[in-house]
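# sequence and predicted structure, then a few things I'm wondering about:
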Number of protein chains: 2
Amino acid sequence: MQMYIYLFIQPCIQLRHASLVYVGGCEGVVVGREMNSVDSGLAGSGAPERADAADGRRKAQVTAQDLMDAAVDLLESHRSVSSLSLREIARAVGIAPNTFYRHFRDVDELAVALIDQAGRSLRGVIREARQRLSLERSAIRTSVEAFMEQLDSEDRYVHILLREMSIGSDAFREAVDRELTYFEDELRDELERIVQATGQPTLEPALVAKAITRLVFAMGAAADGKSVERRAEMTEQTIVMIKMIMEGAQSLARKGAS
Amino acid sequence: MQMYIYLFIQPCIQLRHASLVYVGGCEGVVVGREMNSVDSGLAGSGAPERADAADGRRKAQVTAQDLMDAAVDLLESHRSVSSLSLREIARAVGIAPNTFYRHFRDVDELAVALIDQAGRSLRGVIREARQRLSLERSAIRTSVEAFMEQLDSEDRYVHILLREMSIGSDAFREAVDRELTYFEDELRDELERIVQATGQPTLEPALVAKAITRLVFAMGAAADGKSVERRAEMTEQTIVMIKMIMEGAQSLARKGAS
DNA sequence: CACTCGTATATACACCTGTATAGTTCGTTT
DNA sequence: AAACGAACTATACAGGTGTATATACGAGTG
């Protein structure tokens, strides 16, 4: 009976002397720490005040976008978006864990939204780069370089796309696949424009677009994290690879026609 | 002051009445469940008894290979090898969590070993398929089909390689990259043999090999989890893509020579 | 036999996780 | 002014995680 009581009492003692930092409500301390990160979180994050001022209807203290931004910021040290914990994100943005549910049902749902945003952003970058120089000759180079430059951009959107390509069972891969398809479609249109402009027939532009897209993303994924020189080298390699594909498609089209 | 004391006492009370299950060994209950899964683990896994009987020197109860096998088995529902927990693997193989450390320092170390094994296995499959039919014409088709067939093989080695390609920060990607390089090297040798046999010069065989390898893996990753028909379609697409690359390399070589 | 030593286990600890429940704050509506 | 309801917090719980420490078993050599 003595022993029995001891067993019940002991954890209390241990908890007590270990917890001058911890006690105050089991999670009270954690809350304390989370309140600390409220400050840094709100200060470091985007612009929650703007949303506050713009939308007069409610306080609208934290937006879904804030959560996504925090997740991206948090991502640099971690591996995959879905490996972030709900609490981690909430802590970074300075809200109680449960508030997360107001904006997303899951971390996975946030991840899908993030993939969407990443794809849109990256497509914008490429499109912009492509518009800047419309000569067929260095269109490839311009696009590939624009893509590769995004690898050490401040916003880590590309990394998300690259990393999430082959992970996450269900709606995840679909989301990335959807984004890749958008890239392919834009590239196919571009290819068909080139065909019309130069008169060079090309075998199956859709397939060429797919091959190029997948290849660029694969090379990008491989180049990610490598040194600047190594990455420049891989950029050149990618450009040659793309030229091979396009030359092959045109050559096969010629052979098929003759 | 009353409040202060209250704060210190309260968690003790809460812990106490919450812990009729918890106190008296904190993990005692869990251990009970883990012992249950010992049985199912040993029965479900490969053949630990064989190792026991064959190696008379020691009990040799659990080998590193057993751990790796268990991890692979466990992987089908999970996403990435590194997302498996040490305890999960130990539970599956029927050992105490700490015993894991006898074989690997980390789950990541196991993952690297697994990637190694997966690469070796897959290269074996492709090499074997390539040897079966040595005519240049359908060498591509044979290899690609062999690769794609591995996607629903019983041993999930390919999936590991595909999934781990773009995840895990440090030694991880290196491991996968190393395996991909082996593939590239073998393919480059093959390409150079073809060049010598057919007399068709090819631009930068190493780069062609790299492009093809990356493309096949990218398409494989995209095809993984898709339906059989969808996968067959993607196999055909991949074959055409490869032919484009090779035709392009040869065409560019001709143009460069002339 | 006793001894050591490699191998595996048992227990514990401190921490983190998602989520349930209840409560607080505060703008909007009646 | 009172009630409502949205946004958010506080607390707690029941689990899971990696790892430290101590212990047990069982073969090999003295």
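Sure thing, it's come through.
# just the residues contacting the helix or strand containing A:E149, thanks.
A:E149 is part of helix A:139-149, with elements assigned from DSSP states H and E. Taking contacts as Cβ atoms under 8 Å, 6 or more residues apart in numbering or on different chains, the residues outside helix A:139-149 that touch it are A:122, A:125-126, A:128-130, A:132-133, A:158, A:190, A:194, A:216, A:220, A:223, A:231, A:234-235, A:238-239, A:242-243, A:246. For every residue, glycine as well, the C-beta is placed using N, CA and C.
# near the residue in chain A that chain B sits nearest to, how many other residues are there?
The shortest separation between chain A and chain B is 2.9 Å, found at A:G248 (distances taken as Cβ to the nearest Cβ). Using other Cβ atoms under 10 Å in any protein chain shown, A:G248 has 27 other residues around it.
# then A:T63?
When neighbours are counted by other Cβ under 10 Å, A:T63 registers 18.
# separation between it and DNA strand D?
A:T63 is 8 Å from DNA strand D, where distance means Cβ to the nearest atom of the strand, to the nearest Å.
# with A:L162 instead?
Using Cβ to the nearest atom of the strand, one obtains 26 Å as the distance from A:L162 to DNA strand D.
# remind me which residues of the stretch 1-150 of chain A are low pLDDT?
A:1-60, A:77, A:134-137 (pLDDT under 70).
# quick one, the host helix or strand of A:M241 and helix A:139-149 angle?
In this assignment (DSSP H and E), A:M241 forms part of helix A:228-257. With axes from the mean of the first three to the mean of the last three Cα atoms, to 10 degrees as the basis, helix A:228-257 and helix A:139-149 are set at 150 degrees to each other.
# which residues does the closest residue to the residue of chain A closest to chain B other than its chain neighbours contact?
Using Cβ to Cβ, 6 or more residues apart in numbering or on different chains and skipping residues adjacent in sequence, the residue nearest A:G248 is B:G248, 2.9 Å away. Shown in contact with B:G248 (Cβ under 8 Å, 6+ apart): A:K243, A:M244, A:I245, A:M246, A:E247, A:G248, A:A249, A:S251.
# mind running it again at 6 Å?
Under the criterion of Cβ atoms under 6 Å, 6 or more residues apart in numbering or on different chains, the contact partners of B:G248 comprise A:M244, A:I245, A:E247, A:G248.
# the second one: how many residues sit nearby?
Residue crowding around A:I245 was assessed by other Cβ under 10 Å; the count is 26.
# that one and B:D108: what is the separation?
In this structure, A:I245 and B:D108 are separated by 36 Å, where distance is defined by Cβ to Cβ, to the nearest Å.
# ok, A:A209 next?
According to Cβ to Cβ, A:A209 stands 37 Å off from B:D108.
# between those two, point out the one with more neighbours.
A:A209 (22 against 17).
# hmm, that one is touching A:E186, no?
No - if you go by Cβ atoms under 6 Å, A:A209 and A:E186 don't touch, sitting 8.3 Å apart.
# domain assignment for chain A?
For chain A, the structural domains run A:2-103, A:107-257, going by automatic domain parsing.
# so for DNA strand C, which of those domains sits nearest?
domain A:2-103 (3.4 Å; Cβ to the nearest atom of the strand).
# what about the residue nearest to A:A96 when sequence neighbours are not counted, neighbour count?
What sits nearest to A:A96 in space, not counting adjacent residues and going by Cβ to Cβ, 6+ apart, is A:A90, at 6.6 Å. A:A90 is surrounded by 22 other residues when neighbours are defined as other Cβ under 10 Å.
# which other helices and strands contact the helix or strand where A:A90 lies?
Secondary structure assignment for A:A90, by DSSP H and E: helix A:86-93. Judged by 3 or more Cβ pairs under 6 Å, 6 or more residues apart in numbering or on different chains; DSSP states H and E, the packing partners of helix A:86-93 are helix A:28-44, helix A:64-75.
# follow-up on the earlier one: can you check the pLDDT for the residue nearest to A:G248?
Listed pLDDT for B:G248 reads 97.
# separation between it and B:T213?
Using Cβ to Cβ, one obtains 16 Å as the distance from B:G248 to B:T213.
# again with A:T235
Plainly put, A:T235 is 18 Å away from B:T213 if you go by Cβ to Cβ.
# and for A:R254?
From A:R254 across to B:T213, the span is 27 Å (Cβ to Cβ).
# helix or strand: which one has the residue lying closest to A:D185 once chain neighbours are set aside?
Among residues not flanking A:D185 along the chain, A:A209 sits closest, at 7.5 Å (Cβ to Cβ, 6+ apart). Using DSSP H and E, the secondary-structure element containing A:A209 is helix A:205-223.
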